[in-house]
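Enquirer: 3D model of this:
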Amino acid sequence: MPQTPPIRSPRNLVIAGSISLALLVLGAVAGLAFSGAAAPLLLADPGPIVRWGLPVLRGLTDISTAVTIGSLAMAVFASANGSWQLRRLLDIAGGSAALWAISGAVTTVMTYLSVTGTGFSAAKSFGDGLWLFISGIQLGQNLALNVAAGALVALLAFTINRVVPALFVMALAFIGLIPLAISGHAAGTQGHAMAVNSLGLHLVGVSVWVGGLIATTAVRSKDQASNLILARRYSDLALFAYIVVAASGIGAATVRLSSWNQLFTAYGELILAKSAILLIVGAMGAYYRRRLLPKAGLAKGFWSLVGLELGLMGLAMGLATALAHTAPPANNVDLSNPTPAQILTGEKLPPELTAARWLTEWKPDLIWLTVAGFGVALYLIGVWRLHRRGDAWNPARTLSWISGMVLLTWITSGAMNVYEEYLFSVHMIAHMMLTMAVPLLLVPGAPVTLLSRAVVKRDDQTNGVREWVLWAVHTPYARFVSHPLVAALNFASSLVVFYYTPLFSFATRNHIGHEWMVVHFVITGYLFVQALVGIDPGPKPMNYPVRLMILLGTLTFHALFGLSLMMGDGLLLADWFGAMGRTWGQTPIADQQNGGAIAWGIGEFPAAFLTIMVSVQWANSDAREAKRKDRASDRSGGADLEAYNQMLAANAAARQAAEARRAAEFDARGTEKERIYDAGEN
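Expert: Numbering: from 1, shown residues only. Here you go, the predicted structure:
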């Protein structure tokens, strides 16, 4: 990255941030006035300062969080170690994170005032009540965790000066969004999983999109070439962020609006207004990518258009803030007499699982739909790039990768996602397929190899996706966890650790735990299969007999685990699977025993296929080695074979000479014994 001294960066930051913040406040106030969300409450009204100030403060926290994450994203993906851009972006991230923590702390206090309907006081009782809210109430705990994340990000951003630490600080900032996602006003209703996933993805997308644009504006300089590079790299991030924002917005709307008619309520009209603004901004972004960024330099007026885009983004965020404080229309769900299943899961008990419902029942998981969608699209783009430049890529690898993503989608959004909360056997099927079947399809796709070939290497000391992925797979930690013995141990021991510790309860009762469970199962299985048959970069592979021994040993452990469940008579999570109130299907203990049989039996098919793959690779390896030796012999005109024959002849001659010496020594010892005997007779 060019080392041109920064000019007007503080001014650029103030202008960009002020534009977004001013329009955010305008959008929030207009939205609240339109929906009536800031109207006085009949009981325990906290007052106009709280009613109008809380949404504005929430918006300030959102914009400062966005600038923090956007600045860190640009630091990680668009700046080099030692560059002034990196230092400037980290300073911006640190300052905005400090504002995130401060505004978040004030928001937490005002949320307490809003929830309790009390006024601010210096009395001890007020402090005790606030502490109880922060330490004992989930909403307060989530807000406090978000504030703590902002404070920690601020501290770290001001102390680091390299891109690798910035990557971990960015990850911490993303983690800081989780408490906000699980405390959204739709997160406790029916459709809890979709609500949390939608809000979480929306926060991620908006933060990268809006914050990244403010950060890009703040680090522009006199060097137009540098500005163009930054704009292009931001544009790549913004494209993915925009897709995530659009998909998550649709997901959130499906949870909060139960019919098309509700689009014409105050809540629905705010959604329509926000969506219209985002469509306009998306069209502007497409214009930048297709018309302005391909040019050698940024066209005149480009930054004025960026200012307009920032204003529209701020207005959309303001409307989103008003939406967050506006009650959605009633969803017509009767909770007056909840069933046991509704009390435990928040959802009605699904109908009995039949053969047809394996294909017809769906419960979309937006996170994994997004992962699978991007996984397929980016893989096909990589294959297309290779084809365009004349390089070959095995179609079987493409088919295997796409099949794995389709299977992952069905497991996480199909019938298994519907029934695994109610039937242990279905949960076990999902587990076995996530940890064995899906990796068995994804690993042969060789995504890292495709990425390294399809994406052009950067030559300016910055790190793009290609550089970060290759860095990640070559870190000491990655080499350790992907070592065949470690991967096998992790693969086998995860069964016991997961099902016989509180982790099983955490993953079953908690949505965040469920998402972690899917990630863990897929990664654990992927590392195990990669260690046995993968071709992507990794530790030095073991020889094939050892691979087969590791495979057989691991699967034997799987079988023993399944057998223990089959023979057991104690119900795992009895207060969950045994308390659903199911009137169909087998008893919970019989269903659990079936789950043990599944753990034992369903793994045999992927295991058999994996054994065949290892054996075929072994045979192919021997064949390639034989061909290599034949080619070497042909190139040398048979000299290597002649040398080998001479070595054999020399070895044979040496053996004959050694045998002759041993015979002579034996004869000599015999003659000496006879001489001694004759002397004794005489």
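Enquirer: host element of the residue nearest to residue 419 when sequence neighbours are not counted?
Expert: Of all residues not flanking residue 419 in the chain, residue 426 sits nearest, at 4.3 Å (C-beta to C-beta, 6 or more residues apart in numbering). Using the backbone N, CA and C atoms, a C-beta is placed for each residue, glycine as well. Assigned by DSSP states H and E, residue 426 belongs to helix 424-432.
Enquirer: State the mean pLDDT of that helix.
Expert: Averaged across helix 424-432, pLDDT comes to 93.
Enquirer: quick one, what contacts residue 139?
Expert: By C-beta atoms under 8 Å, 6 or more residues apart in numbering, the contact set of residue 139 is 111, 115, 133, 183.
Enquirer: Between these, which sits nearest residue 580?
Expert: residue 183 (26.7 Å; C-beta to C-beta).
Enquirer: Now do the buried residues in stretch 597-607.
Expert: By 16 or more other C-beta atoms under 10 Å, the buried positions in stretch 597-607 come out as 598, 599, 600, 602, 603, 606, 607.
Enquirer: gap between stretch 305-313 and the chain center?
Expert: 30 Å (C-alpha atoms, centre = their mean, to the nearest Å).
Enquirer: Local confidence estimate at the residue lying closest to residue 164 once chain neighbours are set aside?
Expert: Once flanking residues are discounted, residue 164 sits nearest to residue 471: 8.0 Å by C-beta to C-beta, 6+ apart. Residue 471 carries a pLDDT score of 93 in this model.
Enquirer: and residue 471, what element?
Expert: Counting by DSSP H and E, residue 471 is part of helix 465-473.
Enquirer: sorry, back to before: quickly name whichever of the buried residues of stretch 597-607 is closest to residue 370.
Expert: Nearest member of the buried residues of stretch 597-607 to residue 370, counting by C-beta to C-beta, is residue 606, at 25.9 Å.
Enquirer: can you give me the helices in the stretch 401-550 of the chain?
Expert: Remark: helices assigned in the stretch 401-550 of the chain by DSSP state H, counting those that start in this stretch are 415-419, 424-432, 438-442, 447-454, 465-473, 476-481, 484-499, 503-509, 511-533, 544-567.
Enquirer: Could I get those in a markdown table, plus columns for distance to residue 372 and mean neighbour count?
Expert: Formatted as a markdown table, the helices of the stretch 401-550 of the chain follow (distance: least, C-beta to C-beta, whole Å; neighbours: other C-beta atoms under 10 Å):
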| stretch | distance to residue 372 | mean neighbour count |
| --- | --- | --- |
| helix 415-419 | 13 | 22 |
| helix 424-432 | 15 | 23 |
| helix 438-442 | 10 | 25 |
| helix 447-454 | 13 | 18 |
| helix 465-473 | 18 | 15 |
| helix 476-481 | 23 | 12 |
| helix 484-499 | 23 | 18 |
| helix 503-509 | 21 | 17 |
| helix 511-533 | 11 | 21 |
| helix 544-567 | 26 | 16 |
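Enquirer: who wins for proximity to residue 23 among the ones you listed?
Expert: That would be, of the helices of the stretch 401-550 of the chain and by C-beta to C-beta, helix 465-473, which comes in at 31.9 Å.
Enquirer: Next, the angle from the closest one to helix 511-533.
Expert: Calculated by axes from the mean of the first three to the mean of the last three C-alpha atoms, to 10 degrees, helix 465-473 forms an angle of 80 degrees with helix 511-533.
Enquirer: Lowest-confidence one in the buried residues of stretch 597-607?
Expert: Among the buried residues of stretch 597-607, residue 603 carries the weakest pLDDT, at 65.
Enquirer: State the distance from the closest residue to residue 574 other than its chain neighbours to residue 569.
Expert: Distances taken as C-beta to C-beta, 6+ apart place residue 588 nearest to residue 574, at 7.6 Å, with adjacent residues excluded. Applying C-beta to C-beta, to the nearest Å, the value for residue 588 to residue 569 is 12 Å.
Enquirer: same thing with residue 428?
Expert: According to C-beta to C-beta, residue 428 stands 17 Å off from residue 569.
Enquirer: so what's residue 269 up against?
Expert: Taking C-beta under 8 Å, 6+ apart, we find residue 269 in contact with 34, 263.
Enquirer: For residue 613, see how far away the closest residue to residue 521 other than its chain neighbours is.
Expert: Closest residue in space to residue 521, ignoring its immediate chain neighbours: residue 434 at 4.0 Å, by C-beta to C-beta, 6+ apart. According to C-beta to C-beta, residue 434 and residue 613 sit 19 Å apart.
Enquirer: domain parsing for the protein?
Expert: 18-324, 358-456+469-577+586-632, 636-681 (automatic domain parsing).
Enquirer: would JSON lines of these with distance to residue 347 be doable?
Expert: Output for the domains of the chain, formatted as JSON lines (distance: least, C-beta to C-beta, whole Å):
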{"stretch": "domain 18-324", "distance to residue 347": "6"}
{"stretch": "domain 358-456+469-577+586-632", "distance to residue 347": "8"}
{"stretch": "domain 636-681", "distance to residue 347": "71"}
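Enquirer: per-stretch mean pLDDT over the ones you listed, give me the minimum one.
Expert: The weakest mean pLDDT among the domains of the chain belongs to domain 636-681, with a mean of 66.
Enquirer: so where do the helices sit in the stretch 1-150 of the chain?
Expert: For the stretch 1-150 of the chain, applying DSSP H, counting those that start in this stretch gives helices covering 9-35, 48-78, 84-116, 124-136, 138-159.
Enquirer: I'd like those helices written out as TSV, with distance to residue 216 added.
Expert: Below are these laid out as TSV (distance: least, C-beta to C-beta, whole Å):
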stretch	distance to residue 216
helix 9-35	9
helix 48-78	6
helix 84-116	9
helix 124-136	36
helix 138-159	17
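Enquirer: Which of those has the highest mean neighbour count?
Expert: helix 48-78 (a mean of 25; mean count of other C-beta atoms under 10 Å).
Enquirer: how distant is that helix from the center of its chain?
Expert: 23 Å.
Enquirer: Just want the angle from that helix to helix 465-473.
Expert: Using the same axes, to 10 degrees: helix 48-78 against helix 465-473 is 90 degrees.
Enquirer: And the domains of the chain: which comes nearest residue 462?
Expert: Once the domains of the chain are compared by C-beta to C-beta, domain 18-324 is nearest, at 4.8 Å.
Enquirer: Which residues are in contact with the closest residue to residue 579 other than its chain neighbours?
Expert: Closest residue to residue 579 apart from its sequence neighbours, by C-beta to C-beta, 6+ apart: residue 340 at 5.7 Å. Counting by C-beta under 8 Å, 6+ apart, residue 340 touches 579, 580, 581.
Enquirer: Mark which of those are buried, thanks.
Expert: Buried among the contacts of residue 340 by 16+ other C-beta under 10 Å: residue 580.
Enquirer: now, which of the contacts of residue 340 lie within strands?
Expert: Within these, no residue falls in strands by DSSP state E.
Enquirer: Least confident of the contacts of residue 340?
Expert: Lowest in pLDDT among these is residue 581, which has 87.
Enquirer: Alpha carbons only: can I get stretch 231-248 in PDB?
Expert: C-alpha atoms of stretch 231-248 as PDB (Å, rounded to 0.1, in the frame of the first residue of the first chain):
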ATOM      1  CA  ALA A 231     -12.600   1.500  -2.900                       C
ATOM      2  CA  ARG A 232     -12.300  -1.700  -4.900                       C
ATOM      3  CA  ARG A 233     -11.600  -3.800  -1.800                       C
ATOM      4  CA  TYR A 234     -14.300  -2.200   0.100                       C
ATOM      5  CA  SER A 235     -16.700  -2.900  -2.800                       C
ATOM      6  CA  ASP A 236     -15.900  -6.600  -2.600                       C
ATOM      7  CA  LEU A 237     -16.700  -6.600   1.100                       C
ATOM      8  CA  ALA A 238     -19.800  -4.500   0.600                       C
ATOM      9  CA  LEU A 239     -21.200  -6.900  -2.000                       C
ATOM     10  CA  PHE A 240     -21.200  -9.800   0.400                       C
ATOM     11  CA  ALA A 241     -22.500  -7.600   3.200                       C
ATOM     12  CA  TYR A 242     -25.400  -6.300   1.100                       C
ATOM     13  CA  ILE A 243     -26.500  -9.900   0.200                       C
ATOM     14  CA  VAL A 244     -26.400 -10.800   3.900                       C
ATOM     15  CA  VAL A 245     -28.400  -7.700   4.800                       C
ATOM     16  CA  ALA A 246     -31.000  -8.400   2.200                       C
ATOM     17  CA  ALA A 247     -31.400 -12.100   3.100                       C
ATOM     18  CA  SER A 248     -31.500 -11.400   6.900                       C
END
